[in-house]
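# what's the 3D shape of this:
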Amino acid sequence: MSTGLIYKDKPLFGLDIGTSSIKIMQIESRGKKQFITGYGVVNYEKGAMVDGVITNPEVIAKATKELFEHKIIGEITTRRAALGIPVARTYNRVMNLPPMNKKDLAEAVRLEAEQYIPVPIDELYIDFSITAESKDGYELLAVAAPKKIIDSYLIYTNLLGIDVCTIETTISASSRLIAHSERGDVPTILIDFGSVSVDITIFDKQLIVTGTVAGGGDNFTELIAKKLDVSSQVAHTIKTKYGLSVSKKQKDIQDALKPILSSLTREIRKMVRYYDERTGSEGKIGQIITMGGGANMPGLSEHITSELRLPTRMCNPWANLDFGKLQPPSNVEKSMYVTAAGLALINPKEIWK
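Here you go, the predicted structure:
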């Protein structure tokens, strides 16, 4: 038996490094069921990550060590990890290329990327997936990430002895979790509300197109605080308790959040137009699924439904995942683990095939 086959069978865990916290989760397949064997979250000092680059890997490594030693619910049984990188820190583009030998696609993508990415190509790592193939050529989703960001992640993981198996965008990881837990036969818009940005993707059996809008949960809080002239702490309470739902402050909150929400709906409409042009009459977007910490804001799903005339609801990714005897996180806390769970669902054999 080759050592490669043995290596493929080893498990991995999902590692999600946010702007101020680290989330990890390991999932184990037992027959047709998926069990969460361990998970945890820890905060780290602000300033250790700047513009997506880990500038102080020792600080984040120290926090991660504390997480492994004292804050894991259950058990993490491997040092092999799948890492997520925010979509907002990458360059994503749909490309249409003429018929060619598949071995030539990588160079063709690189040449095409030079035309639209405002960063020297030698400063980027580039990857792609084929989303459609016909006699007319290929449709690809290309992703490029700055080397300085990826390399900073690798410096951090090397300090901990973590073996990085793969790195993918957070929205790609979230999409895997959605496909695992929701109806996979309905073309869907996925909206991931992060702390400082909102990632959007159209998922139709695979990622079709992605986009990012500036402004997330933290920005919601800041805008509410400014509009109502209250502290950030009070604004956070108002956001999580009332949000956009009916209240005495509803109109003020709607006015405060209008810039971000308007930008969000514009970007979604643009992506829907692209999808409609791509599929013609063959397929229509059937639903919107929200996720991430910011998606917990009351009234948000109803607002999106009203604006876009598409049924919108929060993701319930845990329907097909079993915590077994582990104490599960609260419903609010569960949203933090969407990316880590999606990363943990990667089949190691897919990485090494």
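
# Please give the three-state secondary structure assignment for residue 248.
What DSSP: H, G, I helix; E, B strand; the rest coil gives for residue 248 is coil.

# which of the residues in stretch 265-280 are buried?
267-268, 271-272, 275, 278 (16 or more other C-beta atoms under 10 Å). Where you see a C-beta, it was placed from the backbone N, CA and C, and this is true even at glycine.

# now, which of these sits nearest residue 248?
Proximity of these to residue 248 (C-beta to C-beta) peaks at residue 268, which lies at 29.6 Å.

# how near is the closest one to residue 181?
22 Å (C-beta to C-beta, to the nearest Å).

# got it, and residue 32?
From residue 32 over to residue 181 (counting by C-beta to C-beta), the distance is 14 Å.

# Who has more neighbours out of the two?
residue 181 (20 against 6; other C-beta atoms under 10 Å).

# does that one really touch residue 315, like I thought?
Yes - applying C-beta atoms under 8 Å, one finds residue 181 in contact with residue 315, separated by 7.4 Å.

# For the stretch 101-250 of the chain, which segments count as helices?
Secondary structure of the stretch 101-250 of the chain (DSSP state H, counting those that start in this stretch): helices at 105-116, 147-160, 170-181, 217-228, 232-241, 250-279.

# ok, of the ones you listed, where does mean pLDDT dip lowest?
Sorting these by mean pLDDT places helix 170-181 lowest, at a mean of 82.

# quick one: contacts of that one?
Here helix 170-181 makes contact (C-beta atoms under 8 Å, 6 or more residues apart in numbering) with 14, 16, 34, 82, 84-87, 188, 190, 192, 194, 199-201, 203, 205, 207, 210, 289, 291, 315-321, 338-343, 345-346.

# can you check stretch 122-139 too?
91, 94-100, 105-106, 109-110, 113, 117, 140-148, 150, 206-208.

# Show me which of the residues you listed are buried.
Here, 16+ other C-beta under 10 Å leaves 91, 95, 97, 105, 109, 113, 117, 140-146, 150, 207-208 buried among the contacts of stretch 122-139.

# so of these, which ones are in strands?
91, 95, 97, 140-146, 207-208 (DSSP state E).

# For the stretch 251-353 of the chain, which segments are assigned as strands?
287-291, 312-314, 321-322 (DSSP state E, counting those that start in this stretch).

# hang on, the earlier thing: export the buried residues of stretch 265-280 to TSV and tack on distance to residue 326?
Below are the buried residues of stretch 265-280 laid out as TSV (distance: C-beta to C-beta, whole Å):
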residue	distance to residue 326
267	37
268	36
271	37
272	39
275	39
278	42
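
# Mean pLDDT per element in this structure, and the minimum belongs to which helix or strand?
helix 3-8 (a mean of 43; mean pLDDT, DSSP states H and E).

# so how far is stretch 106-116 off the chain centroid?
25 Å (C-alpha atoms, centre = their mean, to the nearest Å).

# no, scratch that, I was asking about stretch 166-179
The answer for stretch 166-179 is 6 Å, by C-alpha atoms, centre = their mean.

# can I get the CA coordinates of stretch 208-227 in PDB?
The C-alpha coordinates for stretch 208-227 follow below in PDB (Å, rounded to 0.1, in the frame of the first residue of the first chain):
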ATOM      1  CA  ILE A 208     -21.000  30.600 -10.400                       C
ATOM      2  CA  VAL A 209     -20.000  34.200  -9.500                       C
ATOM      3  CA  THR A 210     -19.000  36.000  -6.300                       C
ATOM      4  CA  GLY A 211     -18.900  39.600  -5.100                       C
ATOM      5  CA  THR A 212     -18.200  41.700  -2.000                       C
ATOM      6  CA  VAL A 213     -19.800  44.800  -0.600                       C
ATOM      7  CA  ALA A 214     -18.000  46.900   2.000                       C
ATOM      8  CA  GLY A 215     -19.700  47.100   5.300                       C
ATOM      9  CA  GLY A 216     -20.700  44.400   7.800                       C
ATOM     10  CA  GLY A 217     -22.000  43.800  11.300                       C
ATOM     11  CA  ASP A 218     -19.500  46.200  12.900                       C
ATOM     12  CA  ASN A 219     -20.500  48.900  10.400                       C
ATOM     13  CA  PHE A 220     -24.200  48.300  11.200                       C
ATOM     14  CA  THR A 221     -23.400  49.100  14.800                       C
ATOM     15  CA  GLU A 222     -21.400  52.200  14.000                       C
ATOM     16  CA  LEU A 223     -24.100  53.600  11.800                       C
ATOM     17  CA  ILE A 224     -26.800  53.000  14.400                       C
ATOM     18  CA  ALA A 225     -24.700  54.600  17.100                       C
ATOM     19  CA  LYS A 226     -24.100  57.700  15.000                       C
ATOM     20  CA  LYS A 227     -27.800  58.000  13.900                       C
END
